[in-house]
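> I'd like to go over a predicted model; first the sequence, then the structure.
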Amino acid sequence: MKVVALNGSPRLLGNTSNALNVVLDELNKEGIDTEYIQVYEDHMNPCNHCSSCEVRGDGRCVAEDDNMNLYLDKMKAADGIILASPTYYGSCTAQLKIFLERAGLACMFDKDRPLRGKVGAALVIQERNGGYAVYSELVNWMLSNEVTVVGSNPLCVINAKNPFDYENDEKGMKALKMMSKNIISELEKR
């Protein structure tokens, strides 16, 4: 089994990446292969709505000057997907938003519905507020791609500002552990 984690944060060693690594470590302990993708490093161009993905119906983006199609292939081959982002002004980061728009359109028009039935989870870091809106944004993207989303109680919305502040959010740490267990449990059913 394999899980691909996409981090929308521009910070390589920030709270989002560190919290995401907690989840990936838990999955690795259970023998689940993981791959971490830092979406920000790619500097993707936004979707220009050329409709090529709709016309072709092959689940690929016509723009070949970045790693979008590579990331799509990795998600299609994986059993699970984790989307992670900090909250920037009440939304996910612009980098992740670009990815979600382009990947969402390519998958929506893929006649094979390539993400259908995969296990998904969302992880969000917020300083003060907006995290639940971002969590909903990520979950809704997965649901519209027919991904089976696992949650946690509390939801995986962690309060943090400075690096490693995520560790001080007791409920957030509980949510990370519970989300990890729920991903493992759902993958084991397959």
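On my side now, so go ahead. Numbering: from 1, shown residues only.
> what's whichever strand or helix holds Asn140 in contact with?
Element membership for Asn140 (DSSP states H and E) is helix 131-144. Outside helix 131-144, the residues that touch it by C-beta atoms under 8 Å, 6 or more residues apart in numbering are 81, 83, 85, 87, 90-92, 100, 104, 108, 115, 120, 122, 124-126, 149, 151, 155-159. All C-beta spots, glycine's among them, are computed from the backbone N, C-alpha and C.
> do the same with stretch 13-20
5, 7-9, 11, 36, 38, 82, 84-86, 123, 125, 158, 160-166, 172, 176.
> hmm, 7 Å instead?
With contact meaning C-beta atoms under 7 Å, 6 or more residues apart in numbering, stretch 13-20 is reached by 5, 7, 9, 11, 82, 84-86, 123, 125, 158, 160, 163-166, 176.
> restricted to helices, list these.
Among the contacts of stretch 13-20, DSSP state H puts Leu176 in helices.
> report the buried members of the contacts of stretch 13-20.
The neighbour count (16 or more other C-beta atoms under 10 Å) marks 5, 7, 9, 11, 82, 84-86, 123, 125, 158, 160, 165-166, 176 as buried among the contacts of stretch 13-20.
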